[in-house]
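Visitor: give me coordinates for this.
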Amino acid sequence: MAHGKQLNRYHLGRWYASYRFLIAFSLLLIASLGHYSDALSTPYASSHLFILFLYFLLSAAQWLMLRYAHIAASYQLLALFIVDIGILTSLSFASDGANLQVSLMFVMMIFTASLLLERPKALTVTLVAVICVVYQHLIGSLFDLSTSINNISNSALLAILFFCVYALGQFSIRRFEVLENVNLSQAQELRRLQDISSYILDQIEHGYLVLDENYHVVLTTPAACNFLGISPIHAYEKQPLYSVQPDLFDFLHLEQLVEGEKFQFEAKQSLYQLQIRIQKLRIPYQTLTLLVLEDARIINQRVQQLKLAALGQLSASIAHEIRNPLAAIVQANELSRESDATQQAMLSQLISKQATRINRIIEDTLNMVRNRDTSSTFIDLESFIPACLNENFANSITKMNYKIENNVTISFNEDQLRQVLINLVRNALHHNQSSDNNIELEVYTQHNHVRIEVRDFGSGVASSDIASLFQPFFSTEINGTGLGLYLSHSFCEANQAKLHYVEQQQGACFRIECLRVHHA
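Guide: Next up, the predicted model:
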């Protein structure tokens with residue numbers, strides 16, 4: 001930091017030396033042409049030309065020294081002000097006292113000394129200048145006893161001004177140092193944050209590529225360079241995409257970039273098959289496009305791993321659910337050997353009941369496997385729901401009330417929607433404990449969404465069980481398989497719909513929410 005401060009002072013000193021050279025040349029030229037100010041027309045005016053010529057030579061020599069001889073810079077800067085004090089004092093003496101022009105040059109010299117020199121040296125320059133200005137009239141009085149008291153008072157005022165200018169210069173240099181320290185600390189913090197950001201971007205597996213409106217690469221990460229088969233040097237340069245990765249440029253240039261869209265891409269110069277996700281970065285005065293690059297093979301591997309993990313969890317759950325009825329069947333079979341006819345009939349009924357339970361678990365599991373290909377169709381709920389209820393709940397139709405809004409159409413797989421409605425209505429009929437109230441099925445629209453609600457008036461779902469409602473094999477019933485709500489929830493997700501449990505004062509309410517289809 002100290003070296004940087006010295007270097008700044010050296011460069012400022014060169015500018016000040018150039019300023020002195022121009023001032024000396026201009027004053028010498030004016031004096032040589034005989035147009036020098038009347039303020040300098042004194043009995044000692046004959047010495048002006050010599051002093052200015054000397055000032056011109058010294059300023060030129062010092063400028064050349066600072067420009068080409070980079071040695072003892074601090075002493076060269078001090079020499080500038082020593083020469084200035086001598087020359088300006090001589091001009092002041094020759095002018096029979098300090099005049100406006102010389103005073104301004106003194107002020108500029110003191111202020112510059114406060115900026116370029118250390119504080120003790122700057123104070124010494126100021127004190128010497130004050131002494132020269134205040135006491136130069138004493139020397140003048142040796143040659144001219146007519147020195148006026150007015151010059152003495154002007155010199156005193158000028159000395160006070162010099163101290164004020166020195167104080168102002170010191171205050172300015174302190175403020176500059178504070179600002180310099182703040183800027184330096186901020187620059188160091190920015191560099192540290194940039195290093196951390198670069199390290200993080202180097203470690204992540206995803207590649208990031210930022211493009212502007214003209215398809216120029218604004219930012220890219222090493223992973224993106226690796227995925228796209230381009231040189232890592234482009235991670236630090238802004239270049240057109242068509243010169244960096246022409247295949248990707250041709251693909252993006254022909255496609256309309258929609259935020260959130262995903263697509264597969266494979267470049268000729270790359271060995272990777274990529275999945276690219278598009279995001280928009282909206283910053284002031286500019287909209288950038290962020291391309292998130294991922295290795296499609298790794299994504300497929302992860303999906304496969306998730307499938308295997310889900311299959312393992314499902315298999316463990318099925319084994320757990322089947323183990324209990326199987327144990328009951330084995331035990332009942334052993335007991336039936338030594339039982340009488342009545343006990344054998346009871347045990348046979350128990351075996352049949354447990355076998356039926358196992359069959360239901362297998363059927364529900366197969367339903368999860370079936371209908372993998374979800375082909376949606378437009379369903380008019382006003383006609384579909386009554387037909388579904390009459391077909392599957394003919395004996396219980398009097399125990400339910402339904403209210404369906406007119407002209408409501410959704411996009412859903414017909415078989416899956418039928419299965420979801422059967423599961424929800426069957427649960428509602430089973431848990432409805434009020435003989436005065438039938439279960440209710442209501443269809444209505446809210447904004448652009450359709451809601452299908454099935455309500456009963458039973459005891460509802462306990463607060464502790466709500467979080468587990470849609471998990472596989474969760475059931476509060478002894479004979480329940482716990483797959484009905486899980487299967488219904490999965491069917492709704494496959495059709496871009498949602499199945500919620502809605503808490504109410506009495507009973508339970510399940511709501512299917514999906515987008516409404518508007519016909520042209």
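Visitor: give the contact list for Cys132.
Guide: Contacts for Cys132 (C-beta atoms under 8 Å, 6 or more residues apart in numbering) come out as Ile85, Leu88, Thr89, Ser92. Every C-beta, even on glycine, is put in place using the N, C-alpha and C of the backbone.
Visitor: among those residues, which ones are in helices?
Guide: Ile85, Leu88, Thr89, Ser92 (DSSP state H).
Visitor: go ahead and confirm the first one touches Thr124.
Guide: No - counting by C-beta atoms under 8 Å, no contact exists between Ile85 and Thr124, whose distance comes to 10.3 Å.
Visitor: counting neighbours, go ahead and name the busier of the two.
Guide: Set side by side, Ile85 and Thr124 show more neighbours around Ile85, with 21 against 15, by other C-beta atoms under 10 Å.
Visitor: state the pLDDT value of the more buried one.
Guide: In this model, Ile85 is scored at 85, pLDDT.
Visitor: ok now stretch 290-301, how far from the chain's centre?
Guide: Remark: stretch 290-301 is offset 21 Å from the chain centroid, using C-alpha atoms, centre = their mean, to the nearest Å.
Visitor: now do the same end-to-end measure for it.
Guide: 25 Å (C-alpha to C-alpha, to the nearest Å).
Visitor: and the contacts of that stretch?
Guide: Residues contacting stretch 290-301 (C-beta under 8 Å, 6+ apart): 205-211, 223-224, 227-228, 264, 272-281.
Visitor: do stretch 253-269 as well
Guide: 215, 228-230, 245, 247-248, 251, 272-280, 289, 296.
Visitor: and those, which are buried?
Guide: Buried members of these, counted by 16 or more other C-beta atoms under 10 Å: Leu228, Ile230, Gln245, Asp247, Leu248, Tyr272, Leu274, Gln275, Ile276, Ile278, Thr289, Ala296.
Visitor: just the ones in helices from those residues, please.
Guide: Going by DSSP H, the helices hold Leu228, Asp247, Leu248, Ala296 from those.
Visitor: nearest to Glu453 among the residues you listed?
Guide: Taking C-beta to C-beta as the measure, Glu453 lies nearest Ala296 of these, at 41.0 Å.
Visitor: isn't there a strand covering Glu442?
Guide: Yes - residue state for Glu442 (DSSP: H, G, I helix; E, B strand; the rest coil) corresponds to a strand.
Visitor: ok, now how distant is it from Arg451?
Guide: According to C-beta to C-beta, to the nearest Å, Glu442 stands 8 Å off from Arg451.
Visitor: rewinding a little: highest neighbour count among the contacts of Cys132?
Guide: The residue in those with the most neighbours, by other C-beta under 10 Å, is Ser92 (25 neighbours).
Visitor: hmm, Val102 and that one touching each other?
Guide: Yes - counting by C-beta under 8 Å, Ser92 does reach Val102; the two are 5.0 Å apart.
Visitor: let me see the ranges of the strands in the stretch 301-450 of the chain.
Guide: 377-380, 400-404, 409-412, 439-446, 449-455 (DSSP state E, counting those that start in this stretch).
Visitor: what sits up against the first one?
Guide: To tie it back to what came earlier, the one meant is strand 377-380. By C-beta under 8 Å, 6+ apart, strand 377-380 touches Val408, Thr409, Ile410, Ser411, Phe412, Asn413, Glu414, Leu417, Val517.
Visitor: please, where are all the helices along the protein?
Guide: Under DSSP H, the chain gives helices at 2-32, 48-68, 73-94, 100-116, 119-143, 149-203, 222-228, 241-244, 246-254, 296-336, 341-369, 381-392, 414-431, 484-494.
Visitor: out of the ones you listed, nearest to Gln505?
Guide: helix 414-431 (15.4 Å).
Visitor: contacts for that closest one?
Guide: Helix 414-431 has contacts (C-beta under 8 Å, 6+ apart) with 367, 371, 374, 377, 379, 384-385, 388-389, 392-393, 396, 399-400, 439, 441, 452, 454-456, 458-459, 484-485, 487-488, 491-492, 494-495, 499, 507-508, 510, 512.
Visitor: buried among the residues you listed? Make that a PyMOL selection.
Guide: Listed next is the PyMOL selection for buried residues among these, using 16+ other C-beta under 10 Å:
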select buried, resi 367+371+379+384+385+388+389+393+400+439+441+452+454+455+456+458+484+485+487+488+491+492+494+495+499+507+508+510+512
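Visitor: any weak-confidence spans in the stretch 301-450 of the chain?
Guide: Within the stretch 301-450 of the chain, the stretches with pLDDT under 70 are 303, 306-314, 316-318, 320-321, 364-374, 434-435.
Visitor: try it again with 90
Guide: Along the stretch 301-450 of the chain, segments meeting pLDDT under 90 span 301-377, 387-402, 406-407, 411, 413-420, 422-440, 446-449.
Visitor: for the stretch 51-200 of the chain, same thing?
Guide: Segments of the stretch 51-200 of the chain classed as low confidence (criterion: pLDDT under 90) are 51-56, 59, 61-200.
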